[in-house]
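This is a predicted model, with the sequence first.
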Amino acid sequence: MGKFSRLGNELYSGRRSVDFVGRKWLWYAISGLILVVAVLALSFKGLNMGVEFVGGAEYKVSLPAAKVTQTEADDLRAAVAATGIAAADQPTVTTTGQTAILVQTKPVTPGESSQIAQTILDKTGATQADLQQQEIGPSWGKEIAKRSAIGLAVFLVLVVLFIWAYFREWKMSVAAIVALAHDILITIGVYALSGFDVTPATVTGLLTILGFSLYDTVVVFDKVRENTRNLREARTTYAEAANLAVNQTLVRSINTSIVALIPVGAILYVGAVQLGASSLKDLALALFVGMAAGAYSSIFIATPLLVQLKANETLVQQAERRALARRKTVEADRYAAVPTFREDLPVREPGDADLAEDDDHDRDHDREDAPVPGGASALREPQRPEAMGRGRVVPPSRGPVRSSGAAGRQQPSRQPKSKRGKK
């Protein structure tokens, strides 16, 4: 068994635990700092909306199949950006099939449009008949933005209804929605800081990461519900049971996130570095940032917030009082907390730190059992008997047991009433 697997087993069984719920204010502070940076980026820098949302100019040049390559598209992008036109400093240049290259810029004046068209013709060697030019109106972009907002609102409503119907707990719905809003705001802030274009592919990525984040949160909440199902009979509090649920799903969440982020990171690298400005990098950036934020929020935000929302419930408060009473009992009786043998005791692996101590103890034990020279066995102190019940052990005696003087006297005996006085 590897160390990572053993760590997951210890987290699942509760032998090792990370206090996610108890340190909720630390996680809130970290998230608050990230959100403040995201809001400031949105306020001062803003989003770089794509042509589909704000309108612009589109140029489609037909070329032989041999010239419709990514290298030609990269050279054309650099030539258009070098014109010095502000609206064309970051053009979107992509290949369309095997016969044309598409160039998109922000809205330009007629004079700037003519300059861009001439640059395209000079760079590609095409004729005026091979170039098609059209203006994309902002009304179409507004319609896309409106439909995207409607789709996002419908998605959030369905999320609330789904979680409420599945868990029958509206507070879980609130915690999940807060985690989703946390992920969306962080992703949008990263877009503002990076300057990537916001395109329909970005909206697609946002909706995808919402589903990923919701899935991770539902898995954690399902474990929370399982651990707190019999809270009245359980010997733990709601916060402790919820924290155990997060630890039990921690390794799974990390593995799932890493497996998802590796291919998305590869797509982001190819789209941003190899292909340059393309819709592929817009989709990949939203997926990468959203998946990372979703894994973080499901562990550090959703569950601590759920525990905080349920802190005032009567059942939760009763469990807290019972746990406090048990702690006072343990502190009053130091033998009440002695551990007992369990079937799930950890298996020691070679190389463990405490394995050497066990070997030393075994060697000492064998040395005591070994016969002394001359054939006589070594005298050892008799082993104390083990007490029964709740894991307690007999305390050590204060001194040797001596014979009593009352041993030689006749001890009273109780006889049935019918035999009393008879010989």
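The structure has been received and is ready for your questions. Residues are numbered from 1 along each chain as shown.

Would you map the helices across the stretch 1-150 of the chain?
Under the criterion DSSP state H, counting those that start in this stretch, the stretch 1-150 of the chain contains helices at 3-13, 24-44, 51-54, 70-81, 110-124, 138-167.

could you dump those helices to CSV with distance to Gly294?
Bear in mind the C-beta positions are built from the backbone N, C-alpha and C, glycine included. CSV is the format used below for those (distance: least, CB to CB, whole Å):
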stretch, distance to Gly294
helix 3-13, 20
helix 24-44, 13
helix 51-54, 25
helix 70-81, 32
helix 110-124, 40
helix 138-167, 13
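
Need those helices in a markdown table (columns: distance to Ala234 and mean neighbour count).
Below are these laid out as a markdown table (distance: least, CB to CB, whole Å; neighbours: other CB atoms under 10 Å):
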| stretch | distance to Ala234 | mean neighbour count |
| --- | --- | --- |
| helix 3-13 | 16 | 14 |
| helix 24-44 | 21 | 14 |
| helix 51-54 | 52 | 21 |
| helix 70-81 | 61 | 17 |
| helix 110-124 | 70 | 16 |
| helix 138-167 | 18 | 14 |
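
I'd like those helices written out as a markdown table, with mean pLDDT added.
Listed next are those as a markdown table, based on pLDDT from 0 to 100:
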| stretch | mean pLDDT |
| --- | --- |
| helix 3-13 | 67 |
| helix 24-44 | 91 |
| helix 51-54 | 72 |
| helix 70-81 | 82 |
| helix 110-124 | 84 |
| helix 138-167 | 76 |
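
I'd like to know which of those helices is closest to Gly265.
Nearest to Gly265 among the helices of the stretch 1-150 of the chain is helix 24-44; the distance by CB to CB comes to 19.6 Å.

same for the closest one, what does it pack against?
helix 170-194, helix 303-309 (3 or more CB pairs under 8 Å, 6 or more residues apart in numbering; DSSP states H and E).

Return the member of the ones you listed having the minimum mean pLDDT.
Mean pLDDT is lowest for helix 170-194 among the helices and strands packed on helix 24-44, at a mean of 87.

wouldn't Thr83 be in contact with Thr119 here?
Yes. If you go by CB atoms under 8 Å, Thr83 and Thr119 touch, sitting 5.6 Å apart.

hmm, back to that, right, and the helices of the stretch 1-150 of the chain - which one's nearest Val203?
Nearest of those (CB to CB): helix 138-167, 4.4 Å.

Which of the helices or strands spans the residue nearest the centre of the chain?
Closest residue to the average C-alpha location of the chain: Ala295 at 2.9 Å, with CA atoms, centre = their mean. Using DSSP states H and E, the element containing Ala295 is helix 279-297.

With just CA atoms, put that helix into CSV.
Extracted C-alpha coordinates of helix 279-297, given in CSV (Å, rounded to 0.1, in the frame of the first residue of the first chain):
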residue,chain,number,x,y,z
SER,A,279,-12.0,30.4,-29.8
LEU,A,280,-10.2,27.3,-28.5
LYS,A,281,-8.2,29.2,-25.9
ASP,A,282,-11.3,31.1,-24.7
LEU,A,283,-13.0,27.8,-24.0
ALA,A,284,-10.0,26.3,-22.4
LEU,A,285,-9.3,29.2,-20.1
ALA,A,286,-12.8,29.2,-18.7
LEU,A,287,-12.6,25.4,-18.2
PHE,A,288,-9.2,25.5,-16.5
VAL,A,289,-9.9,28.4,-14.1
GLY,A,290,-13.5,27.2,-13.4
MET,A,291,-12.5,23.6,-12.6
ALA,A,292,-9.8,24.7,-10.2
ALA,A,293,-12.1,27.2,-8.5
GLY,A,294,-14.9,24.6,-8.3
ALA,A,295,-12.7,22.0,-6.6
TYR,A,296,-11.6,24.7,-4.1
SER,A,297,-15.1,26.0,-3.4
